[in-house]
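In: Give me coordinates for this.
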Amino acid sequence: MSTKTTKILYWVLLGLFCLFHIPDGISGIMRVPEGAKALANLGLPAYLMPFLGTLKILGVIALLQNKFKTVKEWAFAGFSFSLIGAAVANACSSEPQMAFVIMPIAMLAVLLVAYYCWRKLEAAPATA
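Out: Numbering: from 1, shown residues only. Below you'll find the model as predicted:
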């Protein structure tokens, strides 16, 4: 795969991932009732919503910036842990719904391919 193709794939996947998480983070900060109900179904307290929403927004900012590589790496890791936890929590809930298990896994796959592309771009020699 050429560097140009890798760069296009990286930005498309990262853009899709961020477009999914920005509204999710905003709804968490705003404490949308549907989100509180979903957390209650998982046995989690509603006061986590603004905290997790803020972390999602900060994570998106960290993913989109290119100056602080370590912060970006940790954002990839944080989103990975969050998505794995979401899939497991939904699978183990009292009323598991496959859509809420498959969606985090699908987003994790998008994130992992974007991460692979980013690492490949970082390792590529700089062209003038």
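In: from here on, contacts and neighbour counts on C-alpha atoms
Out: Noted.
In: The residue nearest the centre of the chain and Glu95, how far apart?
Out: Computing the C-alpha centroid of the chain and ranking residues by Cα atoms, centre = their mean puts Phe79 first, at 4.3 Å. Distance, Phe79 to Glu95, by Cα to Cα, to the nearest Å: 24 Å.
In: Leaving out the residues flanking it, which one is nearest to Gln65?
Out: Among residues not flanking Gln65 along the chain, Lys72 sits closest, at 7.4 Å (Cα to Cα, 6 or more residues apart in numbering).
In: I meant to write Ala114 there.
Out: Leaving aside its sequence neighbours, Ala114 sits nearest to Tyr10 (Cα to Cα, 6+ apart; 5.0 Å).
In: Give me the secondary structure label for that neighbour.
Out: Put simply, Tyr10 is helix when judged by DSSP: H, G, I helix; E, B strand; the rest coil.
In: Wait, it touches Cys117, no?
Out: Yes. In terms of Cα atoms under 8 Å, Tyr10 counts as a neighbour of Cys117; the distance is 5.5 Å.
In: ok so, going back, after the helix or strand containing the residue nearest to the centre of the chain, next one along is what?
Out: Per DSSP states H and E: Phe79 is located in helix 69-91. Per DSSP H and E, helix 69-91 leads on to helix 98-123 as the next helix or strand towards the C-terminus.
In: Flag every buried residue along that following helix.
Out: Neighbour-count burial for helix 98-123 flags 101, 104-105, 107-108, 110-115, 117-118, 121 (criterion: 16 or more other Cα atoms under 10 Å).
In: can you put those residues in CSV and add pLDDT and distance to Tyr47?
Out: Output for those, formatted as CSV (pLDDT from 0 to 100; distance: Cα to Cα, whole Å):
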residue, pLDDT, distance to Tyr47
Val101, 90, 23
Pro104, 94, 22
Ile105, 95, 25
Met107, 95, 24
Leu108, 96, 25
Val110, 97, 29
Leu111, 97, 27
Leu112, 97, 29
Val113, 96, 32
Ala114, 97, 31
Tyr115, 97, 31
Cys117, 95, 36
Trp118, 95, 34
Leu121, 92, 39
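In: so which of those residues comes closest to Ile22?
Out: The closest of the buried residues of helix 98-123 to Ile22 turns out to be Met107 (Cα to Cα; 13.5 Å).
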